[in-house]
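Colleague: structure for this input, please:
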Amino acid sequence: MTADPAFDPYDNVRPLHAHHGDGPDHTPPHDIAAEQAVLGALLLSPASLGYVAAVMEPGDYYRPAHETIHRAIVELGEAADPITVTDALRRSGDLARVGGAAYISGLPDAAPSAANAEYYAAIVRETAKRRRLIAAGTRLVQAATTPGTDADEIRAALAVPDESEPQSWPAPVPLAAVRHLPPFPVQALPTWLGEYVTGVAEESQTPIDMAGSLALAVLATAAGGRSVVHIRGRWREPVNLFVVVALPPANRKSAVFSAMTHPLYSAEKALGEAAAGRIVEAELTARLAREAAETATVKAAKAEGDERDQLVAEAIGLAQTAESLTVPAHPRLLVDDATPEAITTLLAEQGGRLSVMSAEGGIFDIIAGRYSGTPNLEVFLKGHAGDRLRVDRRSRQEFIESPALTMGLAVQPSVLEDIAKVRGFDGRGLLARFLYCLPASLVGSRRIITDPVPPAVADAYERNVTSLTLSLADWTDPAVLQLTPAADALLIGFQERIEPQLAARGGTLGHIGKWAGKLAGTVARIAGLLHLAAHLKDGHTKPVSEATMAAAIELGDYFTAHALAVFDAMGADSTLTRASTVLDVCRDNRWRTVSRRDLFTKLSRSDFPTAADLDPVLSLLEEHGYVRQEATGPRPRTRGRKPSPRYEIHPALSGFDQ
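Modeller: Next up is the predicted model:
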C-alpha cells in the first residue's frame, strides 16, 4: 500500500539497546500493518467498532492519516465502507492528506480477517503505550540536562500520561447512522449515453440518478433475452434488469421517463411495421389451410368405399398442415398495466423478451393480487433469473425456455415501504431482484430557465437505442459475451471484497444477504449492457474489457449504498429495529443497570415472545457500546433458578452523564 509522507515526531529518540550489526534506528515503536488491519477490518465490518473502541482510541495510531480515517469511520458508524468513507473525507478536505481514494479502497485488503479487529487494535494500543513511555523518557532527559531546572520540574517531566484502557464509556456507535448516498456515477456510462443522461437531468432539473438508472433499464429492454454474459464455467448471466427509482411527487418522473423510453417505442413501431407483411401473409395462409382441411373433411364424409379412405387420408394431412401453421404475434417490447397472466402470455409470444416500464408503481399492486386476491410472483421471479417457465392451465398452455423480463419503474418512496409489507415479496426474493435508486429531491432548488438537451446528443441517443434494439431483435439464440481475463480477475476481486460483508453476524450486508448475494451477477449483467452500448455494431464479437467491468463495479457499489438505505426504510434488519425499541425502553426508565428479566417484562410480547429473543439484541447493543454485561462471581450453592444476567446502561441513555 502507498505509504504516507515521512513523519516522525520522535526523531530525537535513540533505542536503549541497538541491534548488533544494524545502524542506529530512530523509528519509534509502531506497526503500520496492524494499523491498516484495524482500519480494513472496520471498513469490512463496522459492527466491530464497539470491540475496537474498548481496546484503543483514535489517538493511538502512529500515522496521523490513520487517526483521521478512523474518526471518519466512527462518525459514519454502520454506514462506513470504502465508498462512504472516501466521500466523507473528500467533503471534509482530508482525502488527499490521508492518501487518496486508492489508499482507502485498498485498506480492506490489509485485514486478513475482520473478526480479528480487536486483536489488531491491541497491537496498535501496545505500540502507542511504548511511544508514550519513550516520550516521557525524552522529556525527563531534556529536563534533567537543561540548566536551571529544579527537582519539581524534573519530577513533572517524568509523569507518564494515564495509560489506563480507553475511557470506560466511550460514545456508543450509532445503530443506524444517516447514510451518505453517493451520486450516480454517470462517467461509468458510454459517452453518448452519459451525455444524454446529463442533458435530460439538466433540462428537467431532476436528479441525474433518475435518468441514469432508467438508462440501464432501457439498455436491458433493448438487449434482454438476446444477450448473455458468460462469466466462468457454467455461470452465465442474462442482461435483463429490474430497476426502481423512488422520488416524491412533483419531481417530473413522467417527463424523464418519456424522454428515456421514447426510442424503445420507436423501435417497437419499426418492428411492427416490418412484421406487418409477414403477419398478413401468415394469417391468410393459415386461413386457407383451415378452409382446405374443412372442405376435404366434408368431401371425405360424403364419399364411400375405397375413395372415402383416400379422401380421409387427404383431409387428415391438410388438417395437420393447418395445425402446424402459426401466425407471428405483433411485436411488443413494452407493457405497463398488465396482469402476471398477461405478461406470461406476452413473454411466450415475444420469444421470451418483454419489459415492464412505468412511471408509476401500480404493477406492485397487480403483483400483490389486485385482481386475483393473492400474490402471483412466478413470472417475475423466473423472468428475472431466466429460469424455464411452464404454465399449464385448463384454458392455456405456455412454455418459455429462457424468459428475460426487464422492469424499469419510477415510484414514490412510500411505495417501497408498502411493498415490503406484502406477503411473499421479501420471503420469495422479489425485493432482492431490484436495483434501487433513492436520489435526493431537487424540488425547491430547481432553476427555472434551463439548457435543453443538445439536438446532436438527443439524436445520437434516439439512433443508438433504436439501432441496438433492432439489431438484436431477430436473434433466436442469445449473443454470448465473453470476459477478458483482466475483466474476470476484476470481478473475482469484487466477489472477494463482497463475500465477507455477507456474513449474517457482523457483515455490513448480512441483513440484506438475499439482495447482496446477487450483486456479483448483477454487476456482470451491467457490464454486458455497458459493453453492448459501447460497441453498438459488433459487441457480440468482442470480449468485455477490464475498463467496462470496472465501470460496472462502480455502478454496483452505487446501487449497494442505495439498497442499504431502501432496506433501512423497509425495516429489513429486524434485530436493528428491535434494538431501537430496547434503547427507547432504557431511556424511558432511566436505568443505570437492569437485569435481562426486568427488561423483558417491559417489552411487548409481539416483539419479544421469549426472553431468549433478547439475546441477539443485547449482543448488538453491547457491540455498539450501549450496554455491557456486569461481571458475575461464582454462583452460590443454593437451590433456585440461575440469576438473570445484569447489564450496565450507558449513562447517555439514563441521563446521568449530564
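Colleague: quick one, helices of the stretch 251-400 of the chain?
Modeller: Using DSSP state H, counting those that start in this stretch, the helices of the stretch 251-400 of the chain run over 253-302, 305-324, 340-349, 362-368, 378-385.
Colleague: take these and write them to JSON lines, including mean neighbour count, distance to residue 522 and mean pLDDT.
Modeller: For every residue, glycine as well, the C-beta is placed using N, CA and C. Shown next, in JSON lines, are the helices of the stretch 251-400 of the chain (neighbours: other Cβ atoms under 10 Å; distance: least, Cβ to Cβ, whole Å; pLDDT from 0 to 100):
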{"stretch": "helix 253-302", "mean neighbour count": "16", "distance to residue 522": "20", "mean pLDDT": "91"}
{"stretch": "helix 305-324", "mean neighbour count": "14", "distance to residue 522": "41", "mean pLDDT": "86"}
{"stretch": "helix 340-349", "mean neighbour count": "19", "distance to residue 522": "21", "mean pLDDT": "90"}
{"stretch": "helix 362-368", "mean neighbour count": "20", "distance to residue 522": "20", "mean pLDDT": "84"}
{"stretch": "helix 378-385", "mean neighbour count": "22", "distance to residue 522": "10", "mean pLDDT": "92"}
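Colleague: between those, which one is nearest to residue 35?
Modeller: Ranking those by distance to residue 35, with Cβ to Cβ as the measure, places helix 378-385 first at 43.3 Å.
Colleague: show me the contact partners of the closest one.
Modeller: The set of residues external to helix 378-385 that reach it, using Cβ atoms under 8 Å, 6 or more residues apart in numbering, is 240, 242, 340, 343-344, 347, 354, 367, 387-389, 403-405, 407, 428-430, 433.
Colleague: with stretch 192-205 instead?
Modeller: Against stretch 192-205 from outside (Cβ under 8 Å, 6+ apart): 186-189, 206-208, 210-212, 215, 219, 252, 255-256, 259-260, 442, 446-447, 450-454, 457-458, 460-461, 464, 533.
Colleague: still on that earlier bit, redo the helices of the stretch 251-400 of the chain as JSON lines? Include distance to residue 57.
Modeller: Formatted as JSON lines, the helices of the stretch 251-400 of the chain follow (distance: least, Cβ to Cβ, whole Å):
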{"stretch": "helix 253-302", "distance to residue 57": "48"}
{"stretch": "helix 305-324", "distance to residue 57": "80"}
{"stretch": "helix 340-349", "distance to residue 57": "57"}
{"stretch": "helix 362-368", "distance to residue 57": "48"}
{"stretch": "helix 378-385", "distance to residue 57": "47"}
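Colleague: state which strand of the protein is the longest.
Modeller: Ordering each strand of the chain by length in residues (DSSP state E) puts strand 404-411 first.
Colleague: what's that strand packed up against?
Modeller: Packed against strand 404-411, as judged by 3 or more Cβ pairs under 8 Å, 6 or more residues apart in numbering; DSSP states H and E, are the following elements: helix 208-223, strand 242-246, helix 253-302, strand 353-358, helix 362-368, helix 378-385.
Colleague: and these: which comes nearest residue 567?
Modeller: strand 242-246 (12.4 Å).
Colleague: quick one: average confidence on that closest one?
Modeller: Average pLDDT, strand 242-246: 95.
Colleague: so that strand versus strand 353-358, what angle?
Modeller: Between strand 242-246 and strand 353-358, the angle comes out at 10 degrees (axes from the mean of the first three to the mean of the last three Cα atoms, to 10 degrees).
Colleague: give me the distance from strand 242-246 to the chain's centre.
Modeller: 12 Å (Cα atoms, centre = their mean, to the nearest Å).
Colleague: contacts for it?
Modeller: 209-210, 213-214, 216-217, 220, 253, 361, 384, 406-413, 415-416, 433-439, 566.
Colleague: may I have the longest strand of the chain as CSV, with CA atoms only?
Modeller: The C-alpha trace of strand 404-411 is given here as CSV (Å, rounded to 0.1, in the frame of the first residue of the first chain):
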residue,chain,number,x,y,z
ALA,A,404,-36.0,-12.4,-19.9
LEU,A,405,-38.2,-9.9,-18.2
THR,A,406,-37.0,-6.3,-17.6
MET,A,407,-38.6,-3.8,-15.3
GLY,A,408,-38.0,-0.1,-15.1
LEU,A,409,-40.2,1.8,-12.6
ALA,A,410,-40.3,5.3,-11.2
VAL,A,411,-42.4,5.4,-8.0
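Colleague: any idea how far the residue nearest in space to the middle of the chain is from residue 229?
Modeller: Geometric centre of the chain, nearest residue: residue 560, 2.2 Å, by Cα atoms, centre = their mean. Residue 560 sits 19 Å away from residue 229, going by Cβ to Cβ, to the nearest Å.
Colleague: report pLDDT for the closest residue to residue 109 other than its chain neighbours.
Modeller: Excluding the flanking residues, the one nearest residue 109 by Cβ to Cβ, 6 or more residues apart in numbering is residue 40, at 6.7 Å. Note on residue 40: pLDDT of 92.
Colleague: quick one: residues contacting residue 40.
Modeller: 107-111, 114.
Colleague: could I have the helix or strand containing it exported to CSV, CA atoms only?
Modeller: Taking DSSP states H and E as the definition, one finds residue 40 inside helix 32-44. Written as CSV, here are the backbone C-alpha positions of helix 32-44 (Å, rounded to 0.1, in the frame of the first residue of the first chain):
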residue,chain,number,x,y,z
ILE,A,32,1.7,0.1,10.2
ALA,A,33,0.4,-3.3,9.1
ALA,A,34,-1.7,-3.6,12.3
GLU,A,35,-3.0,-0.1,11.9
GLN,A,36,-4.0,-0.8,8.4
ALA,A,37,-5.6,-4.1,9.5
VAL,A,38,-7.7,-2.3,12.1
LEU,A,39,-9.0,0.2,9.6
GLY,A,40,-9.5,-2.5,7.0
ALA,A,41,-11.5,-4.6,9.5
LEU,A,42,-13.7,-1.7,10.4
LEU,A,43,-14.4,-1.0,6.7
LEU,A,44,-15.3,-4.6,6.2
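Colleague: contacts for the very next helix or strand once past it, please.
Modeller: Sequence-wise, the next helix or strand downstream of helix 32-44 (DSSP H and E) is helix 49-53. Applying Cβ under 8 Å, 6+ apart, the contact partners of helix 49-53 are 38, 41-42, 73-74, 77, 117-118, 121, 166, 170, 172-173, 622-625.
Colleague: tell me the contacts of residue 257?
Modeller: 214, 357-359, 410.
Colleague: the strands in the stretch 451-600 of the chain, which residues?
Modeller: Here the stretch 451-600 of the chain has its strands, by DSSP state E, counting those that start in this stretch, at 479-481, 593-595.
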